[in-house]
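> for reference, the sequence and a predicted model appear below.
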There are 2 protein chains.
Amino acid sequence: MIGRAVERRRQPPTTLLGPGDDAAVVRAADGRVAVSADMLVEGRHFRLDWSTPEQVGRKAVAQNGADIAAMGGRPTAFLVSLGCPPDTPVSVASGISDGIGLAAEALDAGVVGGDLVQSAAVVVSVTVLGDLEGRAPVLRSGARAGDVVAVAGTLGHSAAGLAFLSTAHAGTDPSSAPLIDAHRVPSPPYTAGVDAARAGAHAMTDISDGLVADLRHIAEASEVRIRIDRRLFGGDPLLEAAGEVLHIDPWEWILTGGEDHALVATFAPETELPAGWTVIGDVVSGEDAPGVLVDGRDWAASGGWQSFDAG
Amino acid sequence: MIGRAVERRRQPPTTLLGPGDDAAVVRAADGRVAVSADMLVEGRHFRLDWSTPEQVGRKAVAQNGADIAAMGGRPTAFLVSLGCPPDTPVSVASGISDGIGLAAEALDAGVVGGDLVQSAAVVVSVTVLGDLEGRAPVLRSGARAGDVVAVAGTLGHSAAGLAFLSTAHAGTDPSSAPLIDAHRVPSPPYTAGVDAARAGAHAMTDISDGLVADLRHIAEASEVRIRIDRRLFGGDPLLEAAGEVLHIDPWEWILTGGEDHALVATFAPETELPAGWTVIGDVVSGEDAPGVLVDGRDWAASGGWQSFDAG
């Protein structure tokens, strides 16, 4: 049933052969394909009492699509293997499949294959293919001393939404709804990733573990120190309101909340940043002690906040 | 730890960027990529008391690699997401990962990404990318009346091995060891798939559900009837010996046993078949009632043998 739903779905021009045969065939116009895979497990990466099946599917697409955006590419195709316990309502599997299909369609990407099997808990395994459009991939290892550090997309919303879901406050405060929505279905700034690559970004990654934790990946891969300055961030009234309700410092969410799949990149200082990018710091040499400083404080020891999604 | 093991692995020239960044980059020389995904769940698709973790990994590669061979392509890269319960010994995860890595290496394919998460049972989710080398993919839908039907690879060994594992006879009969090995790690005839595509095969698939069941996929997709003739098959002393021990007609295994990942294809009658291919029947028109005849008997109603692997 799911297989037929997938086969009926409209395919973009990059899908040269859709699902239904032993393999699909996807265009790789520049002779290369960017590819990444993630596995989401019920109870660890999503909860079906907190998200609809369709939201789970949409989140799986966002999470994987952001990995392609973080290389400067565009997602072209998704493959989804779904494991479900035998007593799973059909609506769960079809809802996840629909969410994936609709989110992929919004990206003009195909859903070209996958599998449906029985498993002990609901498991969603997604592979994404992407097109780098002839550009070099933007790696984590390209940051250089003198670069500016900039972000695109929202920070901390998913973590704040999770904080609402984890407490009795969900639904009682007007700031909660958009934050909970952001936790259920993140909105990676896909276009900003392509724009950054075109503008010559030196390094880029998506924020899945938290801003500081993911910047540390860039710092370590590039052997640099990254300094971020909180004064450069714009205020976020939603997070401030949520912080008051939940008695949490919103900077906790901004600096260490994962799963928004915002993008963070470094650029040569003379670069005219594309729309949607905000400078939050700079890069200094640091091959002896790569790490991340926030307002001059060393965050290396922190380890970041362990989200529901960790692991 | 697994991630590091994967990152250390030698990569073939098709891996333009290996694992470790947000996405990997794989060469797609002819501007297309063939892609397929499968999910294997402990207790349904493999048993860790019947197979070593390394064998599970090798089988996952064979099962996915065969899907690319069945399109006439060569596997270039694998992505593997692994879900393991928290009490899983590290040796299980690293063994599966090693098996995948070694089997991929034998195919000159990379292991370019994946994920490692906690899950309720061991789940192995594999995506394979493949290179069609400029050729059209060989579909299930291309069989034409007048074609010959031919197979490459072994038939029935995996099913016979499973029959030994499922009874008390395992290890007591000299025929059992190679058949059990074939069940644990199938050996798809990868080169035969490429050779068939080069020879102009009209239709092809790999035998994962059983010869008759998979031929039925070709018959239905091509709207033809396929006639196979048991007199055209060579004898298989191993299966005959096993059949005597287990009191099972070996034809049951040959016609309906899945998981060997042999290839079956149809060719224009004048085609000089490549090495390793054996004619077992022919194709006749049948748009009104596509199906498979064995020695003139209609197998359409049978439904095939439901293997341990089914579902």
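Perfect, I can see it now.

> C-alpha from now on. contacts and neighbour counts both.
OK.

> quickly check: stretch A:192-211 near chain B or not.
Yes. Interface with chain B: stretch A:192-211 contributes A:Thr205, A:Asp206 (Cα under 8 Å from any Cα of the partner chain).

> end-to-end on that stretch?
Chord length of stretch A:192-211, first to last residue, is 17 Å (Cα to Cα, to the nearest Å).

> tell me which residues in it are buried?
By 16 or more other Cα atoms under 10 Å in any protein chain shown, the buried positions in stretch A:192-211 come out as A:192-197, A:200-211.

> who are the neighbours in contact with A:Trp253?
Going by Cα atoms under 8 Å, 6 or more residues apart in numbering or on different chains, A:Trp253 touches A:Leu155, A:Gly156, A:His157, A:Ala159, A:Ala160.

> export these as TSV, with columns for distance to B:Arg184, neighbour count and secondary structure.
Formatted as TSV, the contacts of A:Trp253 follow (distance: Cα to Cα, whole Å; neighbours: other Cα atoms under 10 Å in any protein chain shown; DSSP: H, G, I helix; E, B strand; the rest coil):
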residue	distance to B:Arg184	neighbour count	secondary structure
A:Leu155	47	26	coil
A:Gly156	47	29	coil
A:His157	47	28	helix
A:Ala159	44	28	helix
A:Ala160	47	29	helix
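
> flag the shaky bits of chain A, pLDDT-wise.
Within chain A, the stretches with pLDDT under 70 are A:1-8, A:169-172, A:299-311.

> so which of the buried residues of stretch A:192-211 sit within strands?
By the criterion of DSSP state E, membership of those in strands covers A:Ala203, A:Met204, A:Thr205, A:Asp206.

> related to what we said a few turns ago, which of the contacts of A:Trp253 lies closest to chain B?
Nearest to chain B out of the contacts of A:Trp253 is A:Leu155 (Cα to the nearest Cα; 18.5 Å).

> just checking, that closest one touches A:Leu263?
No. Counting by Cα atoms under 8 Å, A:Leu155 stays clear of A:Leu263, with 9.4 Å between them.

> so what's the residue of the stretch 101-250 of chain A found nearest chain B up against?
The nearest approach of the stretch 101-250 of chain A to chain B comes at A:Gly114, 5.0 Å away (Cα to the nearest Cα). Residues in contact with A:Gly114, defined by Cα under 8 Å, 6+ apart, are A:Leu79, A:Val80, A:Ser81, A:Leu82, B:Ser36, B:Ala37, B:Asp38.

> likewise A:Ser166?
By Cα under 8 Å, 6+ apart, the contact list for A:Ser166 is empty.

> now it: phi and psi?
Backbone torsions of A:Ser166, given as degrees, to the nearest 10, read phi -80, psi -10.

> same check, this time on A:Ala262
Dihedral angles (degrees, to the nearest 10) for A:Ala262: phi -70, psi 170.

> am I right that it is in contact with A:Met204?
No. Assessed by Cα under 8 Å, A:Ala262 is found out of contact with A:Met204, at 10.6 Å.

> hang on, the residue of the stretch 101-250 of chain A closest to chain B in a strand?
Yes. Looking at A:Gly114 with DSSP: H, G, I helix; E, B strand; the rest coil, it is inside a strand.

> so it versus B:Gly72, what's the distance?
For A:Gly114, the distance to B:Gly72 (Cα to Cα) stands at 20 Å.

> ditto for A:Gly72
32 Å.

> same deal with A:Asp22?
10 Å.

> what about the two, which has more around it?
Under the neighbour definition other Cα atoms under 10 Å in any protein chain shown, A:Asp22 and B:Gly72 were set side by side, and B:Gly72 has more, 33 against 24.

> how about the secondary structure of that one?
coil.

> and the one 10 residues further on, by the same measure?
Classification of B:Leu82 into helix, strand or coil gives strand, according to three-state DSSP.

> so it is in contact with B:Ala121, correct?
No. Counting by Cα under 8 Å, B:Leu82 does not reach B:Ala121; the two are 10.1 Å apart.

> give me the more crowded residue out of those two.
The neighbour count for B:Leu82 versus B:Ala121, taken as other Cα under 10 Å, is higher for B:Leu82 (25 against 17).

> need the three-state assignment for A:Leu129.
Three-state call for A:Leu129 (three-state DSSP): strand.

> and it, what is it in contact with?
Contact partners of A:Leu129, counting by Cα under 8 Å, 6+ apart, are A:Val33, A:Ala34, A:Val35, A:Ser36, A:Ile68, A:Pro75, A:Thr76, A:Ala77, A:Phe78.

> quick one, phi/psi of the first one?
Backbone dihedrals for A:Val33, given as degrees, to the nearest 10, come out at phi -130, psi 130.

> how close does it sit to A:Leu40?
A:Val33 is 23 Å from A:Leu40, by Cα to Cα.

> neighbour-wise, which of those two wins?
Neighbours per residue (other Cα under 10 Å) separate A:Val33 from A:Leu40, with A:Val33 holding more: 31 against 26.

> for A:Val111, grab the count of nearby residues.
Applying other Cα under 10 Å, we find 29 residues neighbouring A:Val111.

> wait, A:Gln118 sits on A:Ser81?
No. With contact defined as Cα under 8 Å, A:Gln118 does not reach A:Ser81; the gap is 10.8 Å.

> for A:Ala121, list the residues it contacts.
Residues near A:Ala121 by Cα under 8 Å, 6+ apart: A:Val41, A:Glu42, A:Gly83, A:Cys84, A:Pro85, B:Ser119, B:Ala120.

> look up the closest residue to the second one, ignoring the ones flanking it.
Spelled out, that is A:Glu42. Leaving aside its sequence neighbours, A:Glu42 sits nearest to A:Val122 (Cα to Cα, 6 or more residues apart in numbering or on different chains; 5.3 Å).

> any idea which residue sits dead centre in chain A?
A:His261 (2.9 Å; Cα atoms, centre = their mean).

> against A:Thr205, how distant is it?
Distance, A:His261 to A:Thr205, by Cα to Cα: 9 Å.

> just A:Leu179 next, same as before
Applying Cα to Cα to A:Leu179 and A:Thr205 gives a distance of 22 Å.

> now A:Asn64
Applying Cα to Cα, the value for A:Asn64 to A:Thr205 is 12 Å.

> any common contacting residues for these two?
Counting by Cα under 8 Å, 6+ apart, nothing touches both A:Asn64 and A:Thr205.

> can you pull out the helices in the stretch 51-200 of chain A?
Secondary structure of the stretch 51-200 of chain A by DSSP state H, counting those that start in this stretch: the helices cover A:53-69, A:90-106, A:157-166, A:176-184, A:190-198.

> looking at those, which is buried most?
helix A:53-69 (a mean of 28; mean count of other Cα atoms under 10 Å in any protein chain shown).

> determine how far that helix lies from the middle of the whole chain.
Centroid separation for helix A:53-69 versus its chain: 7 Å, with Cα atoms, centre = their mean, to the nearest Å.

> just the C-alphas of that helix, formatted as PDB.
Output of helix A:53-69 as PDB, limited to C-alpha atoms (Å, rounded to 0.1, in the frame of the first residue of the first chain):
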ATOM      1  CA  PRO A  53       3.200  10.700  11.800                       C
ATOM      2  CA  GLU A  54       3.200  13.300   9.000                       C
ATOM      3  CA  GLN A  55       5.300  15.700  11.200                       C
ATOM      4  CA  VAL A  56       7.700  12.800  11.800                       C
ATOM      5  CA  GLY A  57       8.100  12.300   8.100                       C
ATOM      6  CA  ARG A  58       8.500  16.100   7.500                       C
ATOM      7  CA  LYS A  59      11.200  16.300  10.200                       C
ATOM      8  CA  ALA A  60      13.100  13.300   8.700                       C
ATOM      9  CA  VAL A  61      13.200  15.100   5.400                       C
ATOM     10  CA  ALA A  62      14.300  18.400   7.000                       C
ATOM     11  CA  GLN A  63      17.100  16.700   9.000                       C
ATOM     12  CA  ASN A  64      18.500  14.900   6.000                       C
ATOM     13  CA  GLY A  65      17.900  17.800   3.500                       C
ATOM     14  CA  ALA A  66      19.800  20.100   5.800                       C
ATOM     15  CA  ASP A  67      22.900  17.900   5.500                       C
ATOM     16  CA  ILE A  68      22.900  18.500   1.700                       C
ATOM     17  CA  ALA A  69      22.200  22.300   2.200                       C
END
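
> many thanks, I have nothing further to ask.
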